[in-house]
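[1] For reference, the sequence and a predicted model appear below.
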Amino acid sequence: MQPVPPITEDDIAQFLLNTPDFFERHAEVLAHVQLTSPHSQRAVSLQERQAELLREKIRHLELKAADMIRHGSENARIEGLLHHWTRRLLAVPNAPDLPEALQNGLLADFALPQVALRLWDLSQTHAGAPYCLGVTPAARALADSLQQPYCGPNRDFEVTQWLLPTQAAASLALLPLRTAASQPCFGLLLLASDDPLRFQNDMGTDFLQRIAELAAAALSRLRLPIGTA
């Protein structure tokens with residue numbers, strides 16, 4: 001005769017799940033069930049424990065809703081800043097003034113400590129402009145390698161030489177500038193902060209990507225033949 005295997009907790013749990021009317025037939029069992037409250041470590045009834053679990057679930061949902069509202073408000077604020085910055089760019093009448101207006105707008109509207117911009121493959125009329133100086137093959141290769149903005153710590157990128165040496169750059173955002181996703185870069189926009197948490201690896205880049213696209217669209221006026229900007 002084969003020995004009967006002992007009944008396990010899983011067996012009991014499965015039985016109760018498969019027999020929902022058990023407690024209807026044995027209601028007195030519920031009255032004697034005692035559980036330990038995780039909050040006070042005292043014994044509570046099953047009904048009290050269920051009420052605690054429900055309150056915890058409600059608190060979790062309230063915190064989640066508050067977090068969603070906070071993120072929604074922050075996104076709306078950034079949308080407003082982005083709108084104001086875009087209006088600044090549209091109001092610039094002369095194309096050669098765009099790089100300075102773009103950088104000053106980012107500094108003012110988004111309260112960024114440092115912004116640097118470099119462009120290449122422009123006509124010789126821009127050769128001596130500040131936004132064309134110090135562009136090395138390595139900088140261009142870095143920009144071309146970025147399919148989306150880079151956010152994270154300053155890993156001693158060569159392009160940080162475009163920033164003011166008197167200000168620290170603990171975290172960076174590197175925004176490649178393209179007229180279309182399939183096109184090579186014609187510039188790189190660098191945002192820097194002395195706060196190591198300002199630009200982090202796990203942060204979303206949606207707004208940064210929109211800044212890059214708007215900047216590229218505006219600065220593409222510099223690539224037009226002379227007299228058409």
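    Ah, there it is. As the structure is a prediction and not an experimental result, all values here were calculated from the model. Numbers count the residues shown, from 1 in each chain.
[2] which is the next helix or strand following the lowest-mean-pLDDT helix or strand in the chain?
    Ranked by mean pLDDT, DSSP states H and E, the weakest helix or strand in the chain is strand 43-45, scoring a mean of 62. Sequence-wise, the next helix or strand downstream of strand 43-45 (DSSP states H and E) is helix 46-90.
[3] where in the chain is pLDDT low?
    For the chain, the stretches with pLDDT under 70 are 1-2, 23, 27, 29-47, 49, 71-72, 75, 166, 224-229.
[4] Could I get the full set of helices for it?
    9-18, 22-25, 27-32, 46-90, 98-109, 137-145, 206-219 (DSSP state H).
[5] Might one say that residue 138 is in contact with residue 158?
    Yes: between residue 138 and residue 158 a contact is recorded at 5.4 Å, counting by CB atoms under 8 Å. From N, CA and C alone the C-beta is placed, and that goes for glycine too.
[6] Could you measure from residue 209 over to residue 90?
    Per CB to CB, to the nearest Å, residue 209 is found 19 Å from residue 90.
[7] And those two? Which one has more around it.
    A direct count of neighbours by other CB atoms under 10 Å for residue 209 and residue 90 places residue 209 higher, at 14 against 8.
[8] Relative to residue 100, how far out is the more buried one?
    From residue 209 over to residue 100 (counting by CB to CB), the distance is 23 Å.
[9] cool, and residue 217?
    According to CB to CB, residue 217 and residue 100 sit 17 Å apart.
[10] same thing with residue 126?
    With CB to CB as the criterion, residue 126 and residue 100 are 13 Å apart.
[11] who has more neighbours, these two?
    Remark: of residue 126 and residue 100, residue 126 carries more neighbours, 17 against 14, as counted by other CB under 10 Å.
[12] Let me see the contact set for the closest residue to that one other than its chain neighbours.
    In this structure, residue 126 finds its nearest non-sequential neighbour in residue 132, 5.3 Å apart by CB to CB, 6 or more residues apart in numbering. Residue 132 makes contacts with 118-120, 122, 126, as judged by CB atoms under 8 Å, 6 or more residues apart in numbering.
[13] Can I get those in TSV including distance to residue 170?
    Conversion of these to TSV gives the following (distance: CB to CB, whole Å):
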residue	distance to residue 170
118	21
119	26
120	27
122	31
126	32
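[14] For ChimeraX, write the select line for the buried members of those.
    Buried subset of those, written as a ChimeraX selection, criterion 16 or more other CB atoms under 10 Å:
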select :118,119,120,122,126
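[15] Mind checking which of the contacts of residue 132 are in strands?
    Under the assignment DSSP state E, these contribute 118-119 to strands.
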